[in-house]
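S.K.: Need a 3D model of the sequence below.
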Amino acid sequence: MKKIELRPSKRRVSLMVTLLTFCSFLAWAQQTVTGTVSDAEGPIIGASVVVKGTSNGVVTDFDGNFTIEVNPEDVITVSYIGYTPSEITVGDQTQFDLVLETDNELDEVVVIGYGTQRKSDLTGSVSSISAEEMTQVPSSRVDQVLQGRASGVQVTQVSGAPGAGTVIRVRGGNSITGSNEPLWVIDGIVVGTNFNLNNINANDIKSIEILKDASSIAIYGSRGANGVVLVTTKSGRSIKAGKPEINFNFYTSTQLLPELPDLLSQEEQIAFTNESAAFRGAAEPFPNSASTYPDNDWVDLLLGPAPIYNADLSISGSSDNVNYYNSFNYFNQRGIVESSGIEKFIFRSNLDIDLSDKLKAGFRINYSRLNQDNGLTSFGTAAFGILRTQPIYNNDGTYNGFNDVIGSPFSNPLANIELNTNETFTNNLLSTVYLEFKPAPQWTIRSTFSPEFNNTKRNRFNSSQNPGNLAIGVTDGGDASVRTVASSGWNNENTIQYQTSIKDDHEFTILGGASFQKVETEIAEAQAFGITSDATGFSSLGNSDPSRSIVSSGFSGFQIASFFGRVNYDFKDKYLLTLVGRTDGSSVFAEGNKYEFYPSIAGAWKISEEDFMQNQSVFKDLKLRASWGKSGNQAINPYRTLGVLTEANTTLNGSEVPGLTLGRPSNSNLKWETTTSFDIALEASLLDGRIFTEFNYYNKVTNDLLLDVTIPRQTGFTSQLQNVGSLKNTGWELLVNSNNISKSDFNWNTTLTLSSNKNEILDLGGVDFIDVVVDPIIGSGNTRLIVGESVPVFTGVRFLGTWKSQQEIDNSGRTDPQVVGGSKFEDLNGDGIISTEDNVVLGSPLPDLIFGIENSFTYKNFDLSFYFQGTVGNEVYNLRMRNHYFNRGETVKFGELRDRWTVNNTTSDIPRAGGDSVTNTPSNSEYVEDGSHLRLKTLRLAYNFPTDKIGLKGLKNASVYFSGSNLLLISNFRLIDPEASNFGRTGLGNIAQGYANGSYPNPRILTLGLNLTF
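M.R.: Numbering: from 1, shown residues only. Next up is the predicted model:
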């Protein structure tokens, strides 16, 4: 057979040579480009990187990284939903780091429990406050900047004292016995409801998220019923790799006295006091001319302007595999009341390290040292507690210690400030270390360990030279005490997350985890009496009378174990579903009740993504969402399920010997309080994103409330803590963000928050009401928990003015003593006497409406913003009314008593001087005042220097600013500022909100500051 050899033709050979040459040219012309895509929060996962005009494209991985083959003349387009696209020409660059900006508020990234999520993908209710909002006006505490900025969140400034905290209610209070404060989580560390926020520097914070509905808080189970506040601190992730960024912020402030209540002058007070004594048939305390008595302005002596100094220095940056943020803060605030103040030193270090492509590690460390002067006198003492006629010094120049008007010792505040000590020192270390492993792009395994150590020492010393004691011949020495509280704890969080997509329509994010926490607290206190020398003060307690010494100690601890899971499902980026479940077990409950399961379900519908919404121009985004679920409240302190032993002496063989007795009944049936919530909301972005609005309606019912229930006396006790009650919160919230004007050199933005909450008691264990005693002098009945009413309500009798004649008294049927010109109260049941049987509901501390509105303007290099906040429809119970309106003349009186009833002013409805010596003054409607108010909370003007024209090398940003706080207050309240919480935020203050007693006022603050970034 003839062999046939196949040979390529010359044309084929030529074509192959040409093709190979062209491919070689392409290989030579193309180049590999890498880069990262991020936003202000960090890497963007799944961003599209495409060569413009081609199908050549990739998406970024879980670290925001991409690699793509391009030509030098190519243009790369980078885009992601909710962000403004960016285009870059390749040229000879091979590395690009791009930061995209959001083009829609709905697509901002927010922090949620154990992760982050685009706002447009949220199925729960989350309010977010950015670092920019928090730094508008300098603040020493994180919680103070929340006021009015988050709808559905009521923030009340407890006091204007340095370091004082706030009372926070997220969608109302859910408990009566347990805490109503939200859970604070700082960088993933659960620090609880009573964490001292003075330990955190506000300038270190990147963002705050407040979780409000069941879908958001269920992931925190038994800790989240009162809402959750997530605090995220800064990192160096957003800093471009290379040179570190240095930020320096300094400001100094002057605190000025706010407007004070109108009080009688010295001469008017003398006239009132003498008139009161004459009516009672007593000798006049001031028989001589007013000019012969002292006229001491105690306000001027004890109160005055005070400074604040703050300095922040931070260094942050990043490299290929490390980002860091380190800061130091010094803060010093003296109080407008003498002897009060706080000094803080805070150091923070945040570090994140990419150990490999799959493994990350990092830590967060925050150390703080607080030195606090607790105050040796009070605002109430300065403004209301001392008559102007009270001498400061004796004739020999020593401090006066006797009150001649009432014939008793006088606690001289100036002597107290000079002679005594009351100070607290606190050291706190809050830290966390984490390890994150990604075996594949879809998987993220993370474990954190977070120890916390807190040590507090309080020193108190009262001098042996106390003028009040010396004035009455008591010379048994001084007294002192030293109290230390040492607490330690740790929190271990372990999560595993899986993300996957099925085709392009179905996206799943599945999270599972386990959490473990342990906290222990030890308390030790020593008190000494009979200290004869002031030389050593509290430093040598042994220099005292040993027979009077008191030593005490205590221990408390608890453990919590939790297991949780969450599933997020997204179908076609239109329909969203979230399922959450968490099981918590706590050591504070007895066997059988230690564990509880908290589920939730939520869904959202992106209406704007539907086909029928594509041909309209009103809504850019429109979303409807709803959620239902359960969350819990541990509500009780450790060991409340157990009985306790208390000291009780007994007699043995005719001699008294110490012994023990059961002081509290046990109850092994106690369990968690459980809140079931429903929330429905509508979110909308209108007019091409210039207006964003969100409306929420919610309904919450809390069952198994813990209450002290009356039990038969045969048990040996009068009450026992039981799960018996229930209450409900319903309300609505509205948020509106508006970009009113947006031009190249002028911008105007407005933010409005409105919210309303109605609170109602559904059950109190079978009784109609429970009296809460907040003032033993006034007596029970001024505060009640009543089925069908809010928690709490103010109760008392109705004040009807004054008796105008004896005939009016005779015709009234009153059988208890009454006097013409004296107080007249409504005898509701007609039995002839005034008692708690005549009480009615006089008001509630809960507002009908809480609001805040901020306007911010930028014009070229100038920034101006002002922020108003306030309440409508709440009442305040004025505890000062008894002494300064109704009581005898030995106490300071409100200025309105100038128009009191006298024989020459018989039409007045203000009681006569001394009338209360005959008639009883019960809790009444005159104590309850309108608490509605409008406050100019902050005003800020800043100038941003054009750093590109200054010529200072390395200076990125420079600004100088002036701000004012509490500059204006519109209120009809007698004590001027109705924003009060006399009983604080714990214990009785948990429910007894809205009580004012002339507490430390909120000063007007004027601030001048400088901010530099290099």
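S.K.: Could you write out the alpha-carbon coordinates of stretch 285-300 in PDB?
M.R.: Listed in PDB are the C-alpha atoms of stretch 285-300, where the atom choice follows Å, rounded to 0.1, in the frame of the first residue of the first chain:
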ATOM      1  CA  PRO A 285     -37.700  83.600 115.300                       C
ATOM      2  CA  PHE A 286     -36.800  87.000 113.800                       C
ATOM      3  CA  PRO A 287     -38.100  89.700 116.100                       C
ATOM      4  CA  ASN A 288     -35.700  92.400 114.900                       C
ATOM      5  CA  SER A 289     -35.300  94.200 111.600                       C
ATOM      6  CA  ALA A 290     -34.300  92.000 108.600                       C
ATOM      7  CA  SER A 291     -31.100  94.100 108.100                       C
ATOM      8  CA  THR A 292     -29.800  92.800 111.500                       C
ATOM      9  CA  TYR A 293     -29.700  89.200 110.300                       C
ATOM     10  CA  PRO A 294     -27.200  87.500 107.800                       C
ATOM     11  CA  ASP A 295     -28.200  87.500 104.200                       C
ATOM     12  CA  ASN A 296     -26.000  84.600 102.900                       C
ATOM     13  CA  ASP A 297     -26.400  83.600  99.300                       C
ATOM     14  CA  TRP A 298     -25.700  79.900  99.700                       C
ATOM     15  CA  VAL A 299     -26.100  79.300  95.900                       C
ATOM     16  CA  ASP A 300     -23.300  81.700  95.300                       C
END
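S.K.: Report the buried residues of it.
M.R.: Buried residues in stretch 285-300, defined by neighbour count with 16 or more other CB atoms under 10 Å: 285-286, 290, 293, 296, 298-299. All C-beta spots, glycine's among them, are computed from the backbone N, C-alpha and C.
S.K.: Can you flag which of these belong to strands?
M.R.: When DSSP state E is applied, these are split such that none fall in strands.
S.K.: Kindly reformat the residues you listed as JSON lines and extend each row with distance to Asn371 and pLDDT.
M.R.: Supplementary listing: the buried residues of stretch 285-300 in JSON lines, determined by distance: CB to CB, whole Å; pLDDT from 0 to 100:
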{"residue": "Pro285", "distance to Asn371": "43", "pLDDT": "94"}
{"residue": "Phe286", "distance to Asn371": "44", "pLDDT": "95"}
{"residue": "Ala290", "distance to Asn371": "44", "pLDDT": "94"}
{"residue": "Tyr293", "distance to Asn371": "41", "pLDDT": "95"}
{"residue": "Asn296", "distance to Asn371": "31", "pLDDT": "95"}
{"residue": "Trp298", "distance to Asn371": "27", "pLDDT": "94"}
{"residue": "Val299", "distance to Asn371": "27", "pLDDT": "93"}
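S.K.: and which of those is nearest to Thr34?
M.R.: The shortest separation between Thr34 and any of those is 68.1 Å, and it belongs to Val299 (by CB to CB).
S.K.: how about Ile761, what does it touch?
M.R.: Applying CB atoms under 8 Å, 6 or more residues apart in numbering, one finds that Ile761 lies in contact with 725-727, 785-791.
S.K.: change it to 7 Å
M.R.: By CB atoms under 7 Å, 6 or more residues apart in numbering, the contact set of Ile761 is 727, 785-789, 791.
S.K.: just Asp930 next, same as before
M.R.: Residues in contact with Asp930, defined by CB under 7 Å, 6+ apart, are 875, 972.
S.K.: now it: how far from Phe345?
M.R.: Taking CB to CB, to the nearest Å as the measure, Asp930 and Phe345 are separated by 43 Å.
S.K.: do Ser291 as well
M.R.: The span separating Ser291 from Phe345 equals 52 Å under the rule CB to CB.
S.K.: Ser238 too?
M.R.: In this view, Ser238 and Phe345 are 27 Å apart by CB to CB.
S.K.: can you check Gly796 too?
M.R.: For Gly796, the distance to Phe345 under the criterion CB to CB works out to 48 Å.
S.K.: now swap in Ser981 and tell me
M.R.: In this structure, Ser981 and Phe345 are 28 Å apart, going by CB to CB.
S.K.: Look up the residues forming beta bridges with the closest residue to Gly537 other than its chain neighbours.
M.R.: Beyond its immediate neighbours in the sequence, the residue positioned closest to Gly537 (CB to CB, 6 or more residues apart in numbering) is Phe461, lying 4.3 Å away. Taking DSSP bridges, one finds Thr421, Ala480 as the beta-bridge partners of Phe461.
S.K.: burial count for Phe461?
M.R.: Applying other CB atoms under 10 Å, we find 23 other residues in the vicinity of Phe461.
S.K.: quick one: contacts for it?
M.R.: Under the criterion of CB under 7 Å, 6+ apart, the contact partners of Phe461 comprise 420-421, 478, 480, 537-538.
S.K.: do that again at 6 Å, thanks
M.R.: Residues in contact with Phe461 (CB atoms under 6 Å, 6 or more residues apart in numbering) are 420-421, 480, 537-538.
S.K.: quick one: which of the residues you listed is nearest Asn740?
M.R.: Lowest distance from Asn740 to the contacts of Phe461 (CB to CB) belongs to Thr421, with 54.7 Å.
S.K.: got a pLDDT number for Glu979?
M.R.: The predicted local distance difference test score for Glu979 is 89.
S.K.: quick one: which helix or strand includes it?
M.R.: Under the criterion DSSP states H and E, no helix or strand holds Glu979.
S.K.: How much space separates it from Ser378?
M.R.: Taking CB to CB as the criterion, Glu979 is separated from Ser378 by 18 Å.
S.K.: Then Asn180?
M.R.: Taken as CB to CB, the span from Asn180 to Ser378 is 26 Å.
S.K.: With neighbour numbers in mind, choose between those two.
M.R.: In this comparison of Asn180 against Ser378, neighbours counted by other CB under 10 Å, the higher total goes to Asn180 at 26 against 20.
S.K.: Neighbour count: Gly796 and Phe345, which is higher?
M.R.: Just comparing Gly796 and Phe345: by other CB under 10 Å the higher neighbour count belongs to Gly796, 27 against 15.
S.K.: what separates the residue nearest to that one when sequence neighbours are not counted from Ser151, distance-wise?
M.R.: If you skip the residues right next to it in sequence, Gly796 has Ser923 as its closest partner in space, 3.3 Å away by CB to CB, 6+ apart. Noted for Ser923: a distance of 34 Å to Ser151, by CB to CB.
S.K.: again, but for Asn310
M.R.: Applying CB to CB, the value for Asn310 to Ser151 is 29 Å.
S.K.: between those two, which one's more packed in?
M.R.: The residue with more neighbours, out of Asn310 and Ser151 and counting by other CB under 10 Å, is Ser151; that gives 27 against 23.
S.K.: so which helix or strand takes in the more buried one?
M.R.: Going by DSSP H and E, Ser151 is not in any helix or strand.
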